[in-house]
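S.K.: this one's sequence-less:
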């Protein structure tokens, strides 16, 4: 009975340790998809909502380089274009928006922006999609999706 309890505790400890450890670069995902959408009430248009939805498909190439392609849909008939870009978080705790893709085709229209690569001047820690509604003569309404960590960092 005592042996069974000890072996169960050891197995539990091994599982907890394995979950807490970070993935090795070989095990981390080198590519994937992140979705994000903006469906916020506009501060400029009290009762109207602005909207966009987008998907970032990413491909890690190195510690300073990645590829990104997008799907972007304007979800509201509000006469505002929408855009998506990638937020790059670097080793110096700075964030930068890169690889912008614009959709000026109006409500209900979805566009696909083919992959472009980006090389940063220092190690990229992670990236996240940043989707916005371009509010003319006002502040853009934006949302940032989940961050994906660079497996090469």
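M.R.: Structure's in. What do you need? Every value quoted in this text rests on a predicted model; they were computed, and no experiment measured them.
S.K.: where along the protein do the strands fall?
M.R.: 31-41, 49-60, 65-74, 82-90, 95-103, 110-119, 124-133, 141-144, 148-149 (DSSP state E).
S.K.: for the ones you listed, which has the smallest mean pLDDT value?
M.R.: Lowest mean pLDDT within those: strand 31-41, at a mean of 69.
S.K.: OK, contacts around the most centrally placed residue in the chain?
M.R.: With distances taken as C-alpha atoms, centre = their mean, the chain has residue 128 as the residue nearest its mean C-alpha position (2.6 Å). Going by C-beta atoms under 8 Å, 6 or more residues apart in numbering, residue 128 touches 34, 56, 86, 87, 89, 144, 145, 146, 147, 148. Yep, even glycine has a C-beta here, placed from its N, CA and C like the rest.
S.K.: again, but for residue 71
M.R.: 54, 55, 57, 110, 111, 112, 113.
S.K.: top of these by number of neighbours, please.
M.R.: Most neighbours among those, by other C-beta atoms under 10 Å: residue 54, with 28 neighbours.
S.K.: please report how far it lies from residue 87.
M.R.: As judged by C-beta to C-beta, to the nearest Å, residue 54 and residue 87 stand 12 Å apart.
S.K.: which residues are in contact with each of those two?
M.R.: residue 129.
S.K.: number of nearby residues for residue 52?
M.R.: 28.
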